[in-house]
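In: Provided below for reference: sequence and predicted model.
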Amino acid sequence: MGENSAVPSDRNYVSEGTIINEVFYNEVLYLPLYKINVRDNANIKDVLKSAKEYMSTLDNKEQKALKEQVEYLEGMIEHNEDLKDVTISNMSWKDNDNDGKKDHPPLGMQAAVFTKGDEVNIVYRGTPDGSWIDNAEIVIGGMFYALNYVDKNGKVYKHLSPMQVEALKYMDTVLKKNRDKWDDKILTVGGHSKGDSLAALAMMVHGDKFDLCFGINGPGVSPETLKDILRNIGEEKFYEYQNKMYKLNEANDYVNPFGVPLYKSENIRWYKGFYPLWAIDKAHYVSPIYNIETGELANFVENQGVMGVFVRDLYLKVEKLDPREREAPCYGIMSILQFFINKELPVGKDIRFYMYLIKKLNIIILDVTDIFLSTLDDYIKRINKENPIIDLLPLIVFIKGAKIALDHNKIDMLDALQHLPVDRNYKTEKVAISYRKVEGLITKLDNYILDLDSKYIQAVEDIKSWLAGVKEIGAGSRRLEIAIKNYKDIKKGLETYKDLLNQYKACCEETEDRFIKNLQGTATA
C-alpha cells in the first residue's frame, strides 16, 4: 500500500478528485467492453476509439446510447486532463489464464483494474444483463442457491450468491498476480450499484491490502452474509476495515436501500444528481453525479430523500422474514428486471431453477403486492405534512407507476397462474414429468400477445395518429409514446416467458423420450 492523499486521516470525506476518478472508472465499465477488442494495459483513449468503431455494428438506438456515453467520458477528460493517462488491465471477461475460456462470465460479473500514476483502482461493474436474479440472491441469504467461498485463511463463507463468489475469486487472482507489482501503489477497490456491493465484500475479505474502498449507490448484503463476515474476520478487523470505506448515495436512489450496509453511517454522503425531477429512474445512474457541461460534482444534501426512505422501509419488511420467505419478494422484483426489462436469461441457471420460479409465481405476486401496499400504507401514515409537494414528487411518480403495473397485470397473471402445470398427468404413465397443461398456457400467452397488439398497442398508436395534427398536444403525444413503449415491453416479456415454457416443454419431452428408449432397451435385453 502506498501513501494516499485521497484517503482521509481526520474523519473527513474523500477528495473531489477521488470521486471524479471513481465516476470515470465506473462509467468506462458500462461500455460494452467484453464485445470490444481491448488489449491489456490499453490507454483509455484507445478504449474510446475502439468503442466508436464498434458503434457501426449497432442499430440506431444502441448507436445513440453508446455515442452519448463516449461523449460523456470525453467531456470528463476535457475537464480533467489526467484521466487521459488512465490504463485498463486485468479484465475479468478475458482469458487471462490461457485455458481457452473467459475467466468469468461477462453477463454475470465484470471487473477491471484502472491505473493512473501510482494509483491502482480495482473496480467492479454494476449488474450485467444476466445477473439480476443473482441480485436477489445477494440479499436473500438462503442456502437454495448459495455457494461456499474459502478465503486465504481457510475461513468459509456459506451464504454468498454465485456472482459474489465469482467476484471474490477474481480478487484472489488479481491480488496474487500483482502482489509484488502493487506493493508501493495506492490501492483502491470500488464499484457502482452491484459493483459497490461486491467491492465492499471484497474489502471485508482483503481489507489488509487496500488503502480505500469507495462505493456508489450499491446495496448491502444479507444478514446471514454479515454474520459470516463477523465470524471469519472478527469485530476488530471489521471496524478497522470500515474506517477505510466511503460511500456516495443519491438521495432518491432506489437500489442502495436494499441489504445490510457494510459501510458505517458516518462515511456515507448523500447527493442530489443532475437529472430532471420526472426522470426518477436516473437517480441510480453514475452520470448524474458529474456535470460535463460545467465540470462540477453534484451537491451533497443532508439526508436520504423520500424515495430512498420508502424503499428502505420496504426492504426492512423483507429483512425480517426467514431467508426462505425472502425468496418470493426478492425473486419477484428481480424477475421483472431480468426477464421483462433486460430480456436476458440469468447466468448459470438451468431448467430446475425456472421450474422452481414458475412454481413460486403465485406466492411471488401475492408477497410483492402485500409488502408494497403495507409499506406504502405505513409510510403515508407517518409522512411529514410539512414536506413541500415537490419533495414528494419522486415518490408519487414511483407509486403511480407501480400501481399502474399492478392493476394492468394482476388479472392476466393470476389467470395464467391457474393454468400452470401443477397436477400430475403423464403421457406414458411411466415417467413422472408433468407438462400436459404447458401447451394450454402457451396458447393463452399467444392470445395475450395478440390482445396487446390489437387492443392496446394499435389502439394507442391510432390515438396518437388522430392527435398528430393538434399543435397543443405535444406533451400528451410524448406520454402516448411512453405508453406504447411500455406495452411493447410487456409484450416482449410475455414472449420471453413463452420461450421459457417452450424450452421447458422440449426438455420434458426429450427426457421422457430418453427414458422410454432406456426402458425399451432394457426390455430388449
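Out: Nice, I can see it. Numbers count the residues shown, from 1 in each chain.
In: ok, now how distant is residue 328 from residue 310?
Out: From residue 328 across to residue 310, the span is 20 Å (C-beta to C-beta, to the nearest Å). C-beta coordinates here come from the backbone N, C-alpha and C atoms, glycine included.
In: what kind of secondary structure is the closest residue to residue 38 other than its chain neighbours in?
Out: Of all residues not flanking residue 38 in the chain, residue 47 sits nearest, at 5.6 Å (C-beta to C-beta, 6 or more residues apart in numbering). Put simply, residue 47 is helix when judged by DSSP: H, G, I helix; E, B strand; the rest coil.
In: and residue 47, how many neighbours?
Out: Residue 47 is flanked by 21 other residues according to other C-beta atoms under 10 Å.
In: What ranges in the stretch 351-500 of the chain fall below the confidence cut-off?
Out: Low-confidence segments of the stretch 351-500 of the chain, defined by pLDDT under 70: 362-363, 365-367, 369, 372-373, 376-439, 455-456, 459-460, 462-464, 466-477, 480.
In: 50 instead, please
Out: 386, 388-390, 392, 406-433 (pLDDT under 50).
In: rewinding a little: list the residues that contact the residue nearest to residue 38.
Out: By C-beta atoms under 8 Å, 6 or more residues apart in numbering, the residues touching residue 47 are 28, 31, 33, 36, 38, 88.
In: from the residues you listed, which single one is nearest residue 451?
Out: Within the contacts of residue 47, proximity to residue 451 (C-beta to C-beta) peaks at residue 31, which comes in at 39.0 Å.
In: so which strand or helix has the closest residue to the closest one other than its chain neighbours?
Out: Of all residues not flanking residue 31 in the chain, residue 51 sits nearest, at 5.3 Å (C-beta to C-beta, 6+ apart). Using DSSP states H and E, residue 51 sits in helix 44-55.
In: buried stuff in the helix or strand following that helix?
Out: Downstream of helix 44-55, the next assigned helix or strand under DSSP H and E is helix 60-79. Across helix 60-79, burial judged by 16 or more other C-beta atoms under 10 Å covers 66, 69-70, 72-74, 76-77.
In: again, but for stretch 340-350
Out: Of the residues in stretch 340-350, 340, 342, 345-349 count as buried by neighbour count, 16+ other C-beta under 10 Å.
In: For those residues, give me CSV that also has pLDDT and distance to residue 214.
Out: Converted to CSV, the buried residues of stretch 340-350 look like this (pLDDT from 0 to 100; distance: C-beta to C-beta, whole Å):
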residue, pLDDT, distance to residue 214
340, 70, 32
342, 75, 26
345, 83, 32
346, 87, 28
347, 89, 26
348, 86, 29
349, 83, 31
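In: what's the most distant pair in these?
Out: 340 and 348 (20.0 Å).
In: The helix holding residue 51 to helix 60-79, inter-axis angle?
Out: 160 degrees (axes from the mean of the first three to the mean of the last three C-alpha atoms, to 10 degrees).
In: Could you look up the SS state of the residue lying closest to residue 275 once chain neighbours are set aside?
Out: Closest residue to residue 275 apart from its sequence neighbours, by C-beta to C-beta, 6+ apart: residue 282 at 4.0 Å. Recorded secondary structure, residue 282: helix (three-state DSSP).
In: shift numbering so it begins at 32
Out: Happy to do that; since the first residue is 32 now, the last one works out to residue 313.
In: mind checking the end-to-end distance for stretch 181-196?
Out: Using C-alpha to C-alpha, to the nearest Å, one end of stretch 181-196 lies 9 Å from the other.
In: circling back to that earlier point, buried among the contacts of residue 78? Make that a ChimeraX selection.
Out: The following ChimeraX line selects those of the contacts of residue 78 that are buried, judged by 16+ other C-beta under 10 Å:
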select :59,62,64,69,119
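In: Remind me which helix or strand the residue most central in space within the chain belongs to.
Out: Geometric centre of the chain, nearest residue: residue 158, 3.6 Å, by C-alpha atoms, centre = their mean. Taking DSSP H and E as the definition, residue 158 sits outside all helices and strands.
In: where does this structure have its least confident helix or strand?
Out: Least confident helix or strand, the chain: helix 420-448 with a mean of 48, by mean pLDDT, DSSP states H and E.
In: Downstream of that helix, the next helix or strand is which one?
Out: Under the assignment DSSP H and E, the closest C-terminal helix or strand after helix 420-448 is helix 469-482.
In: Buried residues, that next one. List them.
Out: Using 16+ other C-beta under 10 Å as the test for burial, helix 469-482 gives 469, 472-473, 475-476, 479-480.
In: Would you mind measuring from the residue nearest to residue 306 to residue 485?
Out: Distance from residue 313 to residue 485, by C-beta to C-beta: 33 Å.
In: ok, these two, which is more surrounded?
Out: Counted by other C-beta under 10 Å, residue 313 and residue 485 do not tie: residue 313 has more neighbours, with 15 against 10.
In: Give me the average confidence score over the helix holding residue 82.
Out: Computed over helix 75-86, the mean pLDDT rounds to 94.
In: buried stuff in it?
Out: By 16+ other C-beta under 10 Å, the buried positions in helix 75-86 come out as 75, 78-79, 81-82, 85.
In: ditto for stretch 346-363
Out: Buried residues in stretch 346-363, counting neighbours by 16+ other C-beta under 10 Å, are found at 346, 349-350, 352, 354, 357-363.
In: a markdown table for the residues you listed, including pLDDT, secondary structure and distance to residue 528?
Out: Below are the buried residues of stretch 346-363 laid out as a markdown table (pLDDT from 0 to 100; DSSP: H, G, I helix; E, B strand; the rest coil; distance: C-beta to C-beta, whole Å):
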| residue | pLDDT | secondary structure | distance to residue 528 |
| --- | --- | --- | --- |
| 346 | 86 | helix | 26 |
| 349 | 85 | helix | 24 |
| 350 | 87 | helix | 29 |
| 352 | 84 | coil | 26 |
| 354 | 84 | helix | 26 |
| 357 | 85 | helix | 23 |
| 358 | 83 | helix | 19 |
| 359 | 81 | helix | 18 |
| 360 | 82 | helix | 19 |
| 361 | 84 | helix | 19 |
| 362 | 84 | helix | 14 |
| 363 | 80 | helix | 14 |
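In: picking up where we left off before, please name the residues that touch the residue nearest to residue 62.
Out: By C-beta under 8 Å, 6+ apart, residue 82 lies in contact with 62-63, 67, 97, 100-101.
In: Which two of the residues you listed have the greatest separation?
Out: 67 and 100 (12.6 Å).
In: just to revisit the earlier point, out of the contacts of residue 78, the closest to residue 325 would be?
Out: The nearest member of those to residue 325, counting by C-beta to C-beta, is residue 59 at 21.0 Å.
In: May I have the beta-bridge partners of the nearest residue to residue 113 once chain neighbours are set aside?
Out: What sits nearest to residue 113 in space, not counting adjacent residues and going by C-beta to C-beta, 6+ apart, is residue 147, at 6.6 Å. Residue 147 forms beta bridges with residue 150, as assigned by DSSP bridges.
In: roughly how far apart are residue 147 and residue 163?
Out: Counting by C-beta to C-beta, the gap from residue 147 to residue 163 is 32 Å.
In: and what of residue 474?
Out: Going from residue 474 to residue 163 by C-beta to C-beta gives 28 Å.
In: Alright, calling it a day.
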